[in-house]
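> heads up, no residue letters with this:
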């Protein structure tokens, strides 16, 4: 069993500021956040929902939303980002049982893109994962998701082909490597 003790400064509500000087609040998701998350995904573009779930998702339904808010705070965490009371993003981390590797996934309200929020959330996830002792973070991305791939490249992620699917790539970063 892993240690689920809080990670000081990274698992409580905090404020992040982007390189474009946009500040927003971030906190771990709670089970009662399902309606907030449902509202957020209505503001995520159809293309970005496709990139996030790697399939065409018209509406994000209850079963999926429940998995995003009912995290165990041990091997998985989902952070919600807010501008005031408005949910503007979600950043998920899901680790393997040994806390060696964790998958990350981020979605943003379409009206809040290009403000550095995705970069700040990915950095927050990476710092959280490192503090939890996770050795590597990774994400399966569509080759078409150029914006996410650019952010990940900027942060020092490696890109390699995804086995069995030429439309996907695996991006990964061993924690402890500095962002560029």
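Sure thing, it's come through. Model, not experiment: these values are computed from the prediction.

> Regarding the protein, what is its longest strand?
If you go by DSSP state E, the chain has its longest strand at strand 86-95.

> strands paired with that one, and their directions?
Using DSSP bridges, strand 86-95 pairs in its sheet with strand 76-83 (antiparallel), strand 101-108 (antiparallel).

> Contacts for the first one, please.
Contacts of strand 76-83 from elsewhere in the structure, counted by C-beta atoms under 8 Å, 6 or more residues apart in numbering, are 11, 16, 24-29, 33, 36-37, 40, 68-69, 71, 87-95, 108, 112, 117, 121, 124-125, 128. Every residue, glycine included, has its C-beta placed from N, CA and C.

> again, only this time at 7 Å
Residues outside strand 76-83 that contact it (C-beta atoms under 7 Å, 6 or more residues apart in numbering): 24-29, 33, 36, 68-69, 71, 87-95, 117, 121, 124, 128.

> Show me just the buried residues among those.
Those of the contacts of strand 76-83 that meet the buried threshold are 24, 26, 28-29, 33, 36, 68-69, 71, 87-95, 117, 121, 124, 128, by 16 or more other C-beta atoms under 10 Å.

> Next, name the residue at the spatial heart of the protein.
residue 91 (2.7 Å; C-alpha atoms, centre = their mean).

> I'd assumed residue 106 was in contact with it.
Yes: at 4.8 Å, residue 91 counts as touching residue 106 under the criterion of C-beta atoms under 7 Å.

> Check the gap between the nearest residue to residue 80 once chain neighbours are set aside and residue 137 for me.
Closest residue in space to residue 80, ignoring its immediate chain neighbours: residue 29 at 5.2 Å, by C-beta to C-beta, 6 or more residues apart in numbering. According to C-beta to C-beta, to the nearest Å, residue 29 and residue 137 sit 18 Å apart.

> again with residue 150
If you measure residue 150 against residue 137 using C-beta to C-beta, the figure is 17 Å.

> still on that earlier bit, tell me how far the longest strand of the chain lies from the chain's centre.
Relative to its parent chain, strand 86-95 has a centroid offset of 5 Å by C-alpha atoms, centre = their mean, to the nearest Å.

> what helices or strands is the helix or strand bottoming out on mean pLDDT in the chain leaning on?
Taking mean pLDDT, DSSP states H and E as the measure, the helix or strand of the chain with the lowest value is helix 62-69, at a mean of 73. The helices and strands touching helix 62-69, judged by 3 or more C-beta pairs under 7 Å, 6 or more residues apart in numbering; DSSP states H and E, are helix 34-43.

> what residues does the helix it packs on touch?
Helix 34-43 is contacted from outside by 49, 60, 65-66, 68-69, 80, 87, 90, 107, 109-111, using C-beta under 7 Å, 6+ apart.

> Show me the strands in this protein, by range?
14-17, 23-28, 76-83, 86-95, 101-108, 136-142, 158-161, 168-174.
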